[in-house]
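Participant: I would like to see how this sequence folds:
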Amino acid sequence: MAAFAGRLRSKLRLCIFSVVHSDITRRPILKDYISLSYSSSSTIPLVLSHPTQSLEDIWQSYRYLRPRCYHDGRPRGSLWRGKKLIGKEALFVILGLKRLKDDEEKLDKFVKIHVSRLLKMDMVAVLNELERQEEVQLAVKMFWVIQKQDWYQPDVYLYKDLIIALSKSKKMDEAMKLWESMKKENLYPDSQTYTEVIRGFLSFGSPGDAMNIYEDMKQSPDPPDELPFRILLKGLLPHPLLRNKVKQDFEEIFPDQSIYDPPEEIFGLR
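Facilitator: From the prediction side, this is the model:
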C-alpha cells in the first residue's frame, strides 16, 4: 500500500509539474527564468527545474512566475469603456457638470473655473461625451464655451448634432438659438437637420414654425430630399391649406413620385 501511494504521489507531482511548466514556458518573457536556481541570498523562490521537486516547491514557483493582474486605478464606468481619449481633466469636468446641472449658479462658477481652462481636444471630448450620454443641456452649454475659444472654427456638424438632439427632446427654443447662430456663420443645414427640426416643430404643435423651416429649406443651395416633404405632408393632415401648398411643391420637384391622400373625412371637411 505504501509503495502504491508513493507511485501515486510521484505521478501526481509529474502531472502538476507538466501543466505548470507548460503554462509558464508558453510565455516568452518567463522562459529566461526557468534555468535560474535558488540561492539563499536571492528573494526569488525555487524555480521550476525538475519534476522531482516537491509539490510545495512547484506551487511556490508557479505563484511567483505566473502573470499578475493589477488594478490600474482608473474608473471602470461607461466613460472609460471605449473612450481612451478622454483624459483625467475632461473626465473631472464631465462628472462636475453632471453633478451641478440642477444648480445654475454653481454650474456657471464651475464652467468659469474648470471648463474654460481645458485644452482643445479635452473640450471637444467633453462635448462629444455629453452628447453620447444625452445630456443635451450640458452639451449646449459646452458648445457656447467652445464657440468663444480662439481656436474655434465654424463647423456645421457640431451644430447638426446639437440641433437634432434638441429637436428630438422638443426643446425647440434652444434649437432655434443654435439655428440662428449657424446661419450667422454662413453654415447651411443638411436634409437630415431640416427633417428633424420640421418633425420637432410638428410634434411640438407648431405647424407655422415648421412651415418657416420648410421655406428656409427651399432657399438652401443643396437640392431638397423627399423625406422632409413627406414628414410635412403627414404632419399637416389637420391643416389642409398648408398641406396643399407643400403638395404642389413636392409634385413640381419630384414629378415621378406619388403622394397618398387620405379620405376627406380625416381632414374634418365632411
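Participant: Mind pulling up the pLDDT for the residue lying closest to residue 170 once chain neighbours are set aside?
Facilitator: Excluding the flanking residues, the one nearest residue 170 by C-beta to C-beta, 6 or more residues apart in numbering is residue 204, at 5.3 Å. (C-beta placed from N, C-alpha, C; glycine too.) In this model, residue 204 is scored at 86, pLDDT.
Participant: how about residue 258, secondary structure?
Facilitator: coil (DSSP: H, G, I helix; E, B strand; the rest coil).
Participant: What is the neighbour count of it?
Facilitator: Using other C-beta atoms under 10 Å, residue 258 has 7 neighbouring residues.
Participant: what does stretch 144-164 rub up against?
Facilitator: Outside stretch 144-164, the residues that touch it by C-beta atoms under 8 Å, 6 or more residues apart in numbering are 111, 115-116, 120, 123-124, 127, 131, 136, 139-140, 143, 175, 178-179, 181-182, 185-190, 192-193, 196-197.
Participant: okay, the helix or strand that contains residue 123 in PDB with CA atoms only?
Facilitator: Residue 123 is part of helix 120-132 when elements are defined by DSSP states H and E. Provided in PDB are the C-alpha atoms of helix 120-132 (Å, rounded to 0.1, in the frame of the first residue of the first chain):
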ATOM      1  CA  LYS A 120      -9.000  72.000 -27.300                       C
ATOM      2  CA  MET A 121      -9.100  68.200 -27.500                       C
ATOM      3  CA  ASP A 122     -10.500  67.900 -24.000                       C
ATOM      4  CA  MET A 123     -13.200  70.400 -24.700                       C
ATOM      5  CA  VAL A 124     -14.300  68.500 -27.800                       C
ATOM      6  CA  ALA A 125     -14.100  65.200 -25.900                       C
ATOM      7  CA  VAL A 126     -16.400  66.600 -23.200                       C
ATOM      8  CA  LEU A 127     -18.900  67.900 -25.800                       C
ATOM      9  CA  ASN A 128     -19.000  64.500 -27.600                       C
ATOM     10  CA  GLU A 129     -19.300  62.500 -24.400                       C
ATOM     11  CA  LEU A 130     -22.200  64.700 -23.100                       C
ATOM     12  CA  GLU A 131     -24.000  64.200 -26.400                       C
ATOM     13  CA  ARG A 132     -23.400  60.500 -26.200                       C
END
